[in-house]
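J.: predicted coordinates and the sequence they were generated for:
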Amino acid sequence: MTKAKTASPKRIKTDICVIGAGSGGLSVAAGAVQMGARVVLIEKGEMGGDCLNTGCVPSKALLHAAQEGLSYPHAMEHVRKTISTIAPHDSQERFEGLGCTVIRAEARFTSPKSVEAGGIKIKARRFVIATGSRPMLLDIPGLSTVPYLTNETIWGLTGCPRHLIILGGGPIGMEMAQAHRRLGAEVTVIEAFDALGREDPEAAELVKATLRAEGVALREGVAAERISGAAGAIQVTLSDGQVVQGSHLLAATGRRANSEELGLEHADVDRSKNGIKVGADLRTSNRRIYAIGDVVSGGLQFTHVAGYQAGIIVRSLLFALPAKARTHHIPHATYTDPELAQVGLTEAAAREKFAEKLEVVRADYTGNDRAIATGRGGAGFIKLMVVKGRPVGVTIVGPEAGELIAFWSLMLSLKLKMSKIAGMVAPYPTLAELNKRAVSAYFTPRLFENRKVKWVVKAVQRLVP
Ligand SMILES: Cc1cc2nc3c(=O)[nH]c(=O)nc-3n(C[C@H](O)[C@H](O)[C@H](O)COP(=O)(O)OP(=O)(O)OC[C@H]3O[C@@H](n4cnc5c(N)ncnc54)[C@H](O)[C@@H]3O)c2cc1C
Ligand SMILES: NC(=O)c1ccc[n+]([C@@H]2O[C@H](COP(=O)([O-])OP(=O)(O)OC[C@H]3O[C@@H](n4cnc5c(N)ncnc54)[C@H](O)[C@@H]3O)[C@@H](O)[C@H]2O)c1
């Protein structure tokens, strides 16, 4: 492996310089260096970025611990252990071992072809900006006067909050609400519009009903207007005049791209207030510079999206081949219990796009033998949106929805017809049979309520000896 050339300790010349060692940056760096490129990887904080340290990994570990009935200290111990078990995979040592030059400092562009980090000037043929996002803090009067938590600081708590007030009923708010409620906290979620508002309303309602039944106070359609108090005694005044009192406050009202401090004005890279502008090829207005992951303006903010985009640009970076990112097959899941997963269009979006051409079929968890046998046969469903024999969207709410949706990502990615899926056999008894059941629901009226089919069957029975 040829390492990036160090002309002097203060100057490095390389093929690819990646800024940010999170989900996106690490995937590009690992792929590029293992295929023979010289790679410099710059990280100002913890290796692994948001997902490993303050996002997906701790939140999923906490949800699991809460579901298993662990106490708060044991749950937090599980969170720390989970992070430290995964951390070596994202570590400086591993990436140096692969052949990357890793610089632990903040990077800023000084020209369209160079970046400075920790007093080192890095010149590269191509740059990849993968600097992620941070919590977006709303301009609510009083917020800055009280101690509030974000996804970055909540992991430092030493005891379970007595009453956690959560601002925002998006995936962060809802996952944290259920985890903390199950760990023993009183929880109030304040959501200005609808909680899980981007999801299929019927599926979202099932998640919300479960949280409510577990004792989470879900206040929808009210905004936080004023915040006051001090540590342990925080008051949030709502737009309907009511006041919610709690011991802790978690701000989970969306994300802001980390694009302001990068010196982009020196690099001819355009950005909006939502992040860096890119085309479908993930290049910025400076064609030598790519942007991927949460820092992209208007993009999907998920770890698997950052990883997928990394794969797309590696093709372009290493082989100079044209490559475009697609989005129609990208799934996402919210890991509450029940889980809620979506790929492609929701029913509402599909109806708007395809009107009467849309067929919607579904199967319920209540009819799935594995769900019943494992005590998970309650409410929950899979819903397929089908147009001209092809699935265009799938919603799943229920146990393991995040696992079940992966199958449909492949179907949508390959644009496969329902008839191709009919050949799939799922082992009995599995939750995967739900996928098959939904496909059967599509074919049932075609086969069992079809006069032509009945006529052919009768004719064959009469004529064939
Ligand atoms: C609580 C929470 C739960 C989540 N759960 C999930 C989930 O279950 N599934 C899922 O798919 N997604 C989840 N996400 C989203 C996921 O974490 C992000 O989409 C993902 O981390 C984005 O990857 P990224 O590479 O764009 O940024 P990051 O992983 O955040 O990495 C960016 C890195 O760049 C570094 N950096 C920034 N500026 C500079 C600079 N100037 N110089 C050097 N380094 C810099 C940062 O320190 C950081 O390490 C969750 C997010 C949160 C907050
Ligand atoms: N399971 C997962 O994959 C997962 C989990 C967590 C986060 N994420 C990623 O992180 C992103 C950010 O999550 P998030 O939940 O912070 O953001 P979000 O944008 O999804 O949700 C924020 C919520 O806050 C509400 N809100 C805004 N202003 C408000 C106010 N004044 N008062 C009350 N509510 C207000 C919004 O209406 C919205 O519903 C997600 O969109 C997702 O991409 C993914």
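T.: Yes, it's here. Ligands and ions are numbered 1, 2, ... in the order given.

J.: which residues touch the residue in the stretch 51-200 of the chain that ligand 1 sits nearest to?
T.: Closest contact between the stretch 51-200 of the chain and ligand 1, by C-beta to the nearest ligand atom, is at residue 132 (2.5 Å). Any C-beta I mention is one placed from the backbone N, CA and C, and that applies to glycine too. Residue 132 sits next to 20, 22, 24, 49, 50, 257, 258, 293, 294, 295 when contact means C-beta atoms under 8 Å, 6 or more residues apart in numbering.

J.: which parts of stretch 127-135 are buried?
T.: 127, 128, 129, 130, 131, 132, 133, 134, 135 (16 or more other C-beta atoms under 10 Å).

J.: nearest to residue 147, of those residues?
T.: Nearest to residue 147, judged by C-beta to C-beta, of the buried residues of stretch 127-135 is residue 135 at 14.6 Å.

J.: distance of that closest one from residue 153?
T.: Residue 135 sits 9 Å away from residue 153, going by C-beta to C-beta, to the nearest Å.

J.: so where's the protein uncertain?
T.: 1-2, 5-9 (pLDDT under 70).

J.: got the domain boundaries for it?
T.: Domain assignment of the chain by automatic domain parsing yields the ranges 10-47+91-135+256-319, 143-253, 331-448.

J.: want to throw the ones you listed into TSV with distance to ligand 2?
T.: Formatted as TSV, those follow (distance: least, C-beta to the nearest ligand atom, whole Å):
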stretch	distance to ligand 2
domain 10-47+91-135+256-319	3
domain 143-253	2
domain 331-448	5
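
J.: most tightly packed of the ones you listed?
T.: Highest mean neighbour count among those (mean count of other C-beta atoms under 10 Å): domain 10-47+91-135+256-319, with a mean of 21.

J.: what distance separates the start and the end of that domain?
T.: Terminal residues of domain 10-47+91-135+256-319 are spaced 29 Å apart (C-alpha to C-alpha, to the nearest Å).

J.: then stretch 285-304?
T.: 24 Å.

J.: what do you get for stretch 259-268?
T.: 13 Å.

J.: ok, now stretch 418-435?
T.: End-to-end distance of stretch 418-435: 11 Å, with C-alpha to C-alpha as the criterion.

J.: residue of the stretch 1-150 of the chain nearest ligand 2, please.
T.: Closest contact between the stretch 1-150 of the chain and ligand 2, by C-beta to the nearest ligand atom, is at residue 138 (5.1 Å).

J.: dihedrals phi and psi, that residue?
T.: Phi and psi for residue 138, reported as degrees, to the nearest 10, are phi -80, psi 150.

J.: quick one: residues contacting it.
T.: Neighbouring residues of residue 138 by C-beta under 8 Å, 6+ apart: 167, 224, 251, 253.

J.: please apply the same query to residue 419.
T.: Counting by C-beta under 8 Å, 6+ apart, residue 419 has contacts residue 389.

J.: and it, its phi and psi?
T.: phi -60, psi -30.

J.: measure it to ligand 1 for me?
T.: Going from residue 419 to ligand 1 by C-beta to the nearest ligand atom, to the nearest Å gives 32 Å.

J.: isn't residue 109 up against residue 266?
T.: Yes - Residue 109 is in contact with residue 266 according to C-beta atoms under 8 Å; the separation is 4.8 Å.

J.: which non-adjacent residue is nearest the residue of the stretch 51-200 of the chain closest to ligand 1?
T.: Nearest residue to residue 132 in three dimensions, chain neighbours excluded: residue 294, at 4.5 Å (C-beta to C-beta, 6 or more residues apart in numbering).

J.: which SS class is the one you found?
T.: helix (DSSP: H, G, I helix; E, B strand; the rest coil).

J.: may I see the contacts of residue 138 organised as TSV, with secondary structure and distance to ligand 1 added?
T.: Output for the contacts of residue 138, formatted as TSV (DSSP: H, G, I helix; E, B strand; the rest coil; distance: C-beta to the nearest ligand atom, whole Å):
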residue	secondary structure	distance to ligand 1
167	strand	14
224	strand	19
251	strand	11
253	coil	12
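
J.: which one of those residues sits closest to residue 412?
T.: Nearest to residue 412 among the contacts of residue 138: residue 253, at 30.5 Å, using C-beta to C-beta.

J.: wait, isn't that closest one in contact with residue 169?
T.: No - the pair residue 253 / residue 169 is not scored as a contact, 9.5 Å apart, by C-beta under 8 Å.

J.: before we move on, back to that, make a markdown table from the contacts of residue 132 and add distance to residue 465 to it.
T.: Shown next, in a markdown table, are these (distance: C-beta to C-beta, whole Å):
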| residue | distance to residue 465 |
| --- | --- |
| 20 | 72 |
| 22 | 69 |
| 24 | 66 |
| 49 | 70 |
| 50 | 70 |
| 257 | 72 |
| 258 | 75 |
| 293 | 66 |
| 294 | 68 |
| 295 | 71 |
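
J.: in helices only, show me the residues you listed.
T.: Applying DSSP state H to the contacts of residue 132, the entries found in helices are 24, 49, 50.

J.: residue contacts, the spatially most central residue of the chain?
T.: For the chain, the residue nearest the mean C-alpha position is residue 302 (3.0 Å; C-alpha atoms, centre = their mean). Contacts for residue 302 (C-beta under 8 Å, 6+ apart) come out as 330, 332.

J.: tell me the spacing between it and residue 342.
T.: Look at residue 302 and residue 342: by C-beta to C-beta, they are 11 Å apart.

J.: quick one: the helices in the stretch 351-465 of the chain, in order.
T.: 369-373, 401-413, 418-421, 433-448, 451-463 (DSSP state H, counting those that start in this stretch).

J.: roughly how far is the longest one from the heart of the chain?
T.: What separates the centre of helix 433-448 from the centre of its chain is 30 Å, taken as C-alpha atoms, centre = their mean, to the nearest Å.

J.: what helices or strands is it leaning on?
T.: strand 358-364, helix 369-373, strand 381-387, helix 401-413, helix 418-421 (3 or more C-beta pairs under 8 Å, 6 or more residues apart in numbering; DSSP states H and E).

J.: can you redo those as CSV with distance to residue 428?
T.: Listed next are the helices and strands packed on helix 433-448 as CSV, based on distance: least, C-beta to C-beta, whole Å:
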stretch, distance to residue 428
strand 358-364, 15
helix 369-373, 7
strand 381-387, 17
helix 401-413, 16
helix 418-421, 17
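
J.: for residue 350, find the nearest of those.
T.: Residue 350 lies closest to strand 381-387 among the helices and strands packed on helix 433-448, at 4.1 Å (C-beta to C-beta).

J.: flag every residue of the stretch 51-200 of the chain that's near ligand 1.
T.: 51, 55, 56, 59, 60, 106, 107, 130, 131, 132, 151, 172 (C-beta under 6 Å from any ligand atom).
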